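**Student:** Provided below for reference: sequence and predicted model.
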Amino acid sequence: MISETVIIGGGVIGLAIAIELKLRGTNVTVFCRDFQAAATHAAAGMLAPDAENIANEAMRSLCWRSRALYPDWTRKLEELTGLNTGYRPCGILAPVFEEAGGAGGAGEQRSRGESLSSSPSSPAYWLNKEAIHQYQPGLGAEVVGGWWYPEDAQVDNKALAHVLRTAAESVGVELKDGIIVEAFLQQQGQVVGVQTNAGIIRTAHYVLASGAWSNELLPLPVLPRKGQMLSVRIPEVSPELPLKRVLFGQDIYIVPRRDRLVIGATSEDVGFIPNNTPEGIQKLLQAAIRLYPQLKHYPIQEFWWGFRPTTPDELPILGTSHCQNLTFATGHYRNGILLAPVTAALIADLILEQKSDPLLADFHYSRFQSKSSTSTPMLTHSANFSNGHNTTPLPNAINHVSTDSPLIIAGKTFQSRLMTGTGKYRSIEEMQQSVAASDCQIVTVAVRRVQTKAPGHEGLAEALDWTKIWMLPNTAGCQTAEEAIRVARLGREMAKLLGQEDNNFVKLEVIPDLKYLLPDPIGTLQAAEQLVKEGFAVLPYINADPMLAKRLEEVGCATVMPLASPIGSGQGLKTTANIQIIIENAGVPVVVDAGIGSPSEAAQAMELGADALLINSAIALSPKPAAMARAMNLATVAGRLAYLAGRMPIKDYASPSSPLTGTITS
């Protein structure tokens, strides 16, 4: 049985949240793809907001608050398990070198420390050369002074990971190892399930705490930052005094443990490339020996690496998401261990009490949404959509149908249920006029044709106002799944270049049949599975096959798009029976695509219960495209209203419009 809350990610953040929720009375399940791969194991365990000189005020406050929670938090964990977390409020020493004017030089270090020491929240003390060498013997000769941060601390990261996992088990958190979440299934602003390597799993609430892998599930700007580390063993017999202080130097830190020194860490933007490298280890050793020379004689004990989840501003993503039952707790970068207790408390408050701490506003995912993007208005209010054109408004009664709801695709809200294309027009001007007249909010663009500047696609990127229209890149022209996957990735980058940073939509077309242009069901399914894993909101173009539609929904596609008849044929609805079955069984929006030739056919498709239409040829090939675009808009609205209103019953006999009873007789 799956619990009330599923946490995706079994690192320190996921486990800390799970324990907090469980202790507050909520049943919790944690999905962990690989416990040993969590960034927790690749850390040094420093609790060092002061030594790290965190500039962002909100982040500094968050870190200070979490550091203050550490004594009680670790004591509670130790009481639950009988194990030691290795928490030590030991303070941290930050030596500096004489590098006048250089980054990290003594002058700069002194000024940053002085600003910190003036804060009542966290004092710092400057030690001159003589004092620092007395305080910590064995420092390098180039060290000219340093800062002592008495309130910083450390915890044994590996011990903490073990304690957290043991504590989670002891309080009854259900831990499921080897479960890989491949996609969120979203519908009407809710997560209705997660696609995993063990099948579809559904619960009431979800927490995304999968660290560096978060971007594989949703278009969040969380990327892996590889960190290499090593440890050296402290000799049992040594003429020198052992290192007792955590040293936080320039691009290096050395953390003493009982029998070893932990040295870290590189920061490499190389994706998920594993393993230690000679260059990385050499840099660490050179910097560490410069800071604390005697360790050059210590035997090397171990090398390792990990992937820290970083965001563009190096701050975490915390709080609510685009779905009401999905909460974010990811992107902690190098402060995941430090922020574990405060993250657990804030997220538990948010989920269980709907209490959002004011500090969470600074870490909301929306801070990364481009101001020129349509994402923010799409998640707020329909009045923000006008496409920038003055079109004749629909009657008030139509605009405010209380029984209808907006179209929601992959968490984004749209008021128009008509999508249009950009191909086959006689000129860019006709395309612009038609898009405006249609009042559409989604326009599909053939990525390959834009990139190759195919006829009719020159200047397309500049022809429309992408701050008001959502781009739907499509993989038109792709004959294999591999081609479609590659072009989809290019489409996502194209959307970013046009200011839609968070656009992960793709209309998936895999069409090897050049005569009839019928989509390949096997290739479409293969491509869809991979693209969903990569975080795309996939809108697949398919034959009107109910079984394929259901399978695509199960793998996590955002919609299904069955054809009414072959592309560009204008034959109208030739697959009505199958489309009705697809609509009846679908848990995602159904968009009828291809073959609609007239407004009456558009209305008919909507009367069946389709959620939206995608129409290109019928508009572009009309003698008056803009007029036809407006007609298709009105037909889409009329068909939707008719579907919502409900058709009168069909009878085999006549029935008078006016009753015969109560009539006046002479």
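**Tutor:** That came through fine.
**Student:** contacts only, for Gln530.
**Tutor:** Contact analysis of Gln530 by C-beta atoms under 8 Å, 6 or more residues apart in numbering lists Ala481, Ile485. Using the backbone N, CA and C atoms, a C-beta is placed for each residue, glycine as well.
**Student:** SS state for it?
**Tutor:** helix (DSSP: H, G, I helix; E, B strand; the rest coil).
**Student:** which pLDDT does the model give it?
**Tutor:** What the model reports as pLDDT for Gln530 is 92.
**Student:** go on, Ala642?
**Tutor:** Predicted confidence (pLDDT) for Ala642: 90.
**Student:** kindly report the same for Lys468.
**Tutor:** pLDDT, Lys468: 87.
**Student:** for it, which three-state class applies?
**Tutor:** coil.
**Student:** swap in Ile7?
**Tutor:** strand.
**Student:** got the contact list for it?
**Tutor:** Gly14, Ile17, Ala18, Val28, Thr29, Val30, Phe31, Tyr206, Val207, Ala209.
**Student:** now intersect these with the strands, please.
**Tutor:** Taking DSSP state E as the definition of strands, those contribute Val28, Thr29, Val30, Phe31, Tyr206, Val207.
**Student:** export the contacts of Ile7 to TSV and tack on distance to Glu607 and pLDDT?
**Tutor:** Output for the contacts of Ile7, formatted as TSV (distance: C-beta to C-beta, whole Å; pLDDT from 0 to 100):
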residue	distance to Glu607	pLDDT
Gly14	47	97
Ile17	47	98
Ala18	48	98
Val28	45	97
Thr29	43	96
Val30	46	96
Phe31	42	95
Tyr206	35	97
Val207	41	98
Ala209	44	97
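**Student:** out of the ones in strands among the contacts of Ile7, which one sits closest to Gly595?
**Tutor:** Set against Gly595, the nearest of those by C-beta to C-beta is Tyr206 (37.9 Å).
**Student:** so that closest one sits right up against Val194, yeah?
**Tutor:** Yes. Proximity of Tyr206 to Val194 meets the contact threshold set by C-beta atoms under 8 Å, at 6.8 Å.
**Student:** what residues are shared contacts of the two?
**Tutor:** Shared contacts of Tyr206 and Val194, defined by C-beta under 8 Å, 6+ apart, are found at Val6, Ile8, Phe184.
**Student:** select only the buried ones of these in ChimeraX?
**Tutor:** Buried members of the shared contacts of Tyr206 and Val194, defined by 16 or more other C-beta atoms under 10 Å, are picked up in ChimeraX with:
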select :6,8,184
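**Student:** which element follows the longest helix seen in the chain toward the C-terminus?
**Tutor:** Longest helix of the chain, by residue count under DSSP state H: helix 57-81. Proceeding N to C from helix 57-81, the next assigned helix or strand is strand 92-97, under DSSP states H and E.
**Student:** which helices and strands does that following strand pack with?
**Tutor:** Using 3 or more C-beta pairs under 8 Å, 6 or more residues apart in numbering; DSSP states H and E, the elements in contact with strand 92-97 are helix 106-117, helix 129-135, strand 143-149, strand 246-249.
**Student:** please save the CA atoms from the helix or strand harbouring Val637 in CSV.
**Tutor:** Using DSSP H and E, Val637 falls within helix 625-645. Output of helix 625-645 as CSV, limited to C-alpha atoms (Å, rounded to 0.1, in the frame of the first residue of the first chain):
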residue,chain,number,x,y,z
PRO,A,625,-6.8,32.4,-44.2
ALA,A,626,-7.5,35.1,-41.6
ALA,A,627,-11.3,34.8,-42.1
MET,A,628,-11.1,31.0,-41.9
ALA,A,629,-9.0,31.2,-38.8
ARG,A,630,-11.7,33.3,-37.1
ALA,A,631,-14.3,30.9,-38.3
MET,A,632,-12.4,28.0,-36.8
ASN,A,633,-12.1,29.9,-33.5
LEU,A,634,-15.9,30.4,-33.4
ALA,A,635,-16.5,26.8,-34.4
THR,A,636,-14.2,25.5,-31.6
VAL,A,637,-16.0,27.6,-29.0
ALA,A,638,-19.4,26.6,-30.4
GLY,A,639,-18.6,22.9,-30.4
ARG,A,640,-17.2,23.1,-26.8
LEU,A,641,-20.3,24.9,-25.6
ALA,A,642,-22.6,22.4,-27.3
TYR,A,643,-20.7,19.5,-25.7
LEU,A,644,-21.0,21.2,-22.2
ALA,A,645,-24.7,22.0,-22.8
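**Student:** returning to what we had before: could I get the contacts of Ile7 in a markdown table, plus columns for distance to Glu52?
**Tutor:** Shown next, in a markdown table, are the contacts of Ile7 (distance: C-beta to C-beta, whole Å):
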| residue | distance to Glu52 |
| --- | --- |
| Gly14 | 23 |
| Ile17 | 23 |
| Ala18 | 27 |
| Val28 | 31 |
| Thr29 | 34 |
| Val30 | 29 |
| Phe31 | 31 |
| Tyr206 | 31 |
| Val207 | 26 |
| Ala209 | 22 |
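**Student:** between the residues you listed, which is closest to Ile485?
**Tutor:** The closest of the contacts of Ile7 to Ile485 turns out to be Phe31 (C-beta to C-beta; 25.3 Å).
**Student:** ok, the closest one touching Gly11?
**Tutor:** No. Using C-beta under 8 Å, Phe31 is not in contact with Gly11, being 11.6 Å away.
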